[in-house]
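Engineer: Next input, structure requested:
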Amino acid sequence: MAARQVKLIASNSQEITASDVPDVKQVLEENLRNQYEFMRKRIQTALSYATAAGLGVLIALLIASALNLLGSNGQPVSYRLYGEYLDWRSVGVPQFSVCEWNCEIGIQVTRLISAAQDIGSSVVSDDGIGNAAGIARLCTLIAVCIVAWTAYRRQLPERYELNVLMAQLDDFNTLPRWQFWLCRFLYTAATLFGTYVVSSVVWFMIAQMFKNMPLNSFDALVVVVLFTTLATYIAAYGALALSTRDVLMLAMFIFFIGFAVSFALAPEDSNKQQWWERAVSNAGQLNPSAPLFTGTLLCGSLMLIVLWFDIDSIILKMVRDGDLRFFGERGWMRVARVLYGALAIGLISVGFIRVDAVNFRFNMVFHAGGAVLAILSVVFSSILIRKRRFHPWYKIFSVYILLGLTFGMGFLGSLKPNPPNLPSFVFPGTGLISLTVIELALFGLIGLWIYLTIDNLLGQANINAFEGDVVMVSQ
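Structural biologist: Numbers count the residues shown, from 1 in each chain. So this is what the prediction gives:
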């Protein structure tokens, strides 16, 4: 491959001469041809997965229609483009009240199982009219889940090699099989929850554009097959050559979309808060935002776990190459794993433990404490990372911007005016800046910091790996 041919050379060795250096133009042209060929292969493979999924959905719907004609079941004869999802309803469906922190996880699991049952029930509205959006969402979830498992990183080594990402290629090729299968399972599960969030949101947006649009059986069939095929193609194209950066960007995308829509759909209450504070505080409490909020945090956390297995050995190599202080190699890796685990556990705690400050005050320790744990893990990581290897702008952001804003908002959030006396200190988040503002701002900063850190880490690791293969020849 071209990546193995590209070598910069400078050496006084008599065995290597300038004639051994390949023609740079020829090598670049060959690499470009290989890039186009890889892209064609990836698109063609993704299309084959999408076509198979579309045909499978078409056959299944035709069989269901044939059974309806034979009178074997009660398939609807008319359809709406969109009908309200049962798992989003806040009236006429069981709502789960907040309980003590030690039973909240069970409640959330029960709620997710209930939402999964409602996904199947949402294909037909209560009045017997078919729901094209509900059918498309169910078919998409099944197809994408199967494709994510079967197509997972089948073409990733070729992508790494073509782009001269040698550190990531070596890491992927040496990944233990049990870790590969674990990542495959976690990615498939994360894709399932992510697809639930995205497909639900997409059809909700379509509902706002085409309200009460009627469909006959053929039109509904076309809509469902086309949507499922398109969604499956996107899922297959991404899974075939899913890089470490892709995993990170998917996690960020799911967090942004899921949080935004769960805030928008959060129910109102009578508390004397501003509208945006009510939206953020009530997200995840009740339907329709509850399944979206929990599914978003679960999907994002699973993606972060997959990301860790991608960078674990790369971090180990960087630790070995550095000047170790205070701890040895194992000690620093243990610190890195604890801090990263704290980030994932903190996010899951926010999604699975709801808050009722009046009846269950201790829940706040786990919900808000999970957010604080995630924030502190990033703060300590930004302090401990040796920044001299990375771009100078990374040090500026990691030290002055991230830490400065974190401590600044924490200080202002703990300061409360008390005229005519001097200001007094209160619990963080109840002062000049509310806890909601602090959480939203810091979660945004955390996302940006994680992206910059992973990007710099992978960039430096690939440079180090490439330098190991470099041979220099003097004329």
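
Engineer: What segments of the stretch 151-300 of the chain are strands?
Structural biologist: Applying DSSP state E, counting those that start in this stretch to the stretch 151-300 of the chain gives strands spanning 214-215.

Engineer: Could I get the full set of helices for it?
Structural biologist: Taking DSSP state H, counting those that start in this stretch, the helices of the stretch 151-300 of the chain run over residues 156-162, 166-173, 177-209, 217-240, 244-264, 275-282, 289-321.

Engineer: Please name the nearest non-neighbouring residue to residue 304.
Structural biologist: Residue nearest to residue 304 in three dimensions, not counting chain neighbours: residue 344, with 5.2 Å by Cβ to Cβ, 6 or more residues apart in numbering. Bear in mind the C-beta positions are built from the backbone N, C-alpha and C, glycine included.

Engineer: what sits against residue 80?
Structural biologist: Residue 80 is in contact with 125, 129-133, 212-215, counting by Cβ atoms under 8 Å, 6 or more residues apart in numbering.

Engineer: most neighbours, which of these?
Structural biologist: residue 133 (28 neighbours; other Cβ atoms under 10 Å).

Engineer: Grab the CA positions of the helix or strand where that one lies and hand them over as PDB.
Structural biologist: Assessed by DSSP states H and E, residue 133 sits inside helix 132-150. Provided in PDB are the C-alpha atoms of helix 132-150 (Å, rounded to 0.1, in the frame of the first residue of the first chain):
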ATOM      1  CA  ALA A 132     -46.200   5.300   9.200                       C
ATOM      2  CA  ALA A 133     -43.700   7.000  11.500                       C
ATOM      3  CA  GLY A 134     -44.200   4.300  14.100                       C
ATOM      4  CA  ILE A 135     -43.700   1.500  11.600                       C
ATOM      5  CA  ALA A 136     -40.700   3.200  10.000                       C
ATOM      6  CA  ARG A 137     -39.100   3.700  13.400                       C
ATOM      7  CA  LEU A 138     -39.600   0.000  14.400                       C
ATOM      8  CA  CYS A 139     -38.200  -1.300  11.100                       C
ATOM      9  CA  THR A 140     -35.300   1.100  11.300                       C
ATOM     10  CA  LEU A 141     -34.400   0.000  14.800                       C
ATOM     11  CA  ILE A 142     -34.300  -3.700  13.800                       C
ATOM     12  CA  ALA A 143     -32.400  -3.100  10.600                       C
ATOM     13  CA  VAL A 144     -29.800  -0.700  12.000                       C
ATOM     14  CA  CYS A 145     -29.200  -3.000  15.000                       C
ATOM     15  CA  ILE A 146     -28.500  -6.000  12.800                       C
ATOM     16  CA  VAL A 147     -26.300  -4.000  10.400                       C
ATOM     17  CA  ALA A 148     -24.300  -2.300  13.200                       C
ATOM     18  CA  TRP A 149     -23.400  -5.800  14.500                       C
ATOM     19  CA  THR A 150     -22.600  -7.400  11.100                       C
END
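
Engineer: by contact count, what packs against that helix?
Structural biologist: In terms of contacts (3 or more Cβ pairs under 8 Å, 6 or more residues apart in numbering; DSSP states H and E), helix 132-150 is packed against helix 24-69, strand 79-80, helix 101-121, helix 177-209, helix 217-240.

Engineer: Adding mean pLDDT, write these out as JSON lines.
Structural biologist: Shown next, in JSON lines, are the helices and strands packed on helix 132-150 (pLDDT from 0 to 100):
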{"stretch": "helix 24-69", "mean pLDDT": "84"}
{"stretch": "strand 79-80", "mean pLDDT": "80"}
{"stretch": "helix 101-121", "mean pLDDT": "74"}
{"stretch": "helix 177-209", "mean pLDDT": "88"}
{"stretch": "helix 217-240", "mean pLDDT": "90"}
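
Engineer: deepest of these, which one?
Structural biologist: For those, average neighbour numbers computed from mean count of other Cβ atoms under 10 Å are highest in strand 79-80, which has a mean of 25.

Engineer: just the strands in the stretch 351-475 of the chain please.
Structural biologist: 415-416, 424-425.

Engineer: Dump those strands into JSON lines; add mean pLDDT and mean neighbour count as well.
Structural biologist: Listed next are those as JSON lines, based on pLDDT from 0 to 100; neighbours: other Cβ atoms under 10 Å:
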{"stretch": "strand 415-416", "mean pLDDT": "76", "mean neighbour count": "15"}
{"stretch": "strand 424-425", "mean pLDDT": "70", "mean neighbour count": "11"}
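
Engineer: any chance of the helices and strands packed on helix 132-150 in TSV, with distance to residue 156 too?
Structural biologist: What follows is the helices and strands packed on helix 132-150, written out as TSV (distance: least, Cβ to Cβ, whole Å):
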stretch	distance to residue 156
helix 24-69	10
strand 79-80	40
helix 101-121	30
helix 177-209	11
helix 217-240	8
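
Engineer: between these, which one is nearest to residue 361?
Structural biologist: helix 101-121 (10.0 Å; Cβ to Cβ).

Engineer: Distance check, residue 392 against residue 456.
Structural biologist: As judged by Cβ to Cβ, to the nearest Å, residue 392 and residue 456 stand 11 Å apart.

Engineer: next one: residue 407
Structural biologist: 23 Å.

Engineer: and these two? which has more neighbours close in?
Structural biologist: Of the pair residue 407 and residue 456, residue 456 is the one with more neighbours under other Cβ under 10 Å, namely 18 against 11.

Engineer: wouldn't the more buried one be in contact with residue 393 here?
Structural biologist: No - counting by Cβ atoms under 8 Å, no contact exists between residue 456 and residue 393, whose distance comes to 9.5 Å.

Engineer: okay, and the common contacts of the two?
Structural biologist: Residues touching both residue 456 and residue 393 by Cβ under 8 Å, 6+ apart: none at all.

Engineer: Can you report how many residues lie near residue 164?
Structural biologist: Neighbours of residue 164 (other Cβ under 10 Å): 17.

Engineer: between the helices and strands packed on helix 132-150, which gets nearest to residue 376?
Structural biologist: helix 101-121 (19.6 Å).

Engineer: now the closest one and helix 177-209, what's the angle there?
Structural biologist: Relative orientation of helix 101-121 versus helix 177-209 (axes from the mean of the first three to the mean of the last three Cα atoms, to 10 degrees): 60 degrees.

Engineer: Work out the gap between helix 101-121 and the centre of the chain.
Structural biologist: In terms of Cα atoms, centre = their mean, to the nearest Å, the centre of helix 101-121 is found 21 Å from the chain centre.

Engineer: what's it packed up against?
Structural biologist: helix 132-150, helix 289-321, helix 329-352, helix 363-384.

Engineer: Now mean pLDDT and distance to residue 259 too, for the ones you listed, in JSON lines please.
Structural biologist: What follows is the helices and strands packed on helix 101-121, written out as JSON lines (pLDDT from 0 to 100; distance: least, Cβ to Cβ, whole Å):
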{"stretch": "helix 132-150", "mean pLDDT": "91", "distance to residue 259": "20"}
{"stretch": "helix 289-321", "mean pLDDT": "80", "distance to residue 259": "6"}
{"stretch": "helix 329-352", "mean pLDDT": "82", "distance to residue 259": "11"}
{"stretch": "helix 363-384", "mean pLDDT": "78", "distance to residue 259": "13"}
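
Engineer: Rebuild those helices as CSV, extending it with distance to residue 413.
Structural biologist: Compiled in CSV, these are given as follows (distance: least, Cβ to Cβ, whole Å):
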stretch, distance to residue 413
helix 132-150, 40
helix 289-321, 23
helix 329-352, 18
helix 363-384, 12
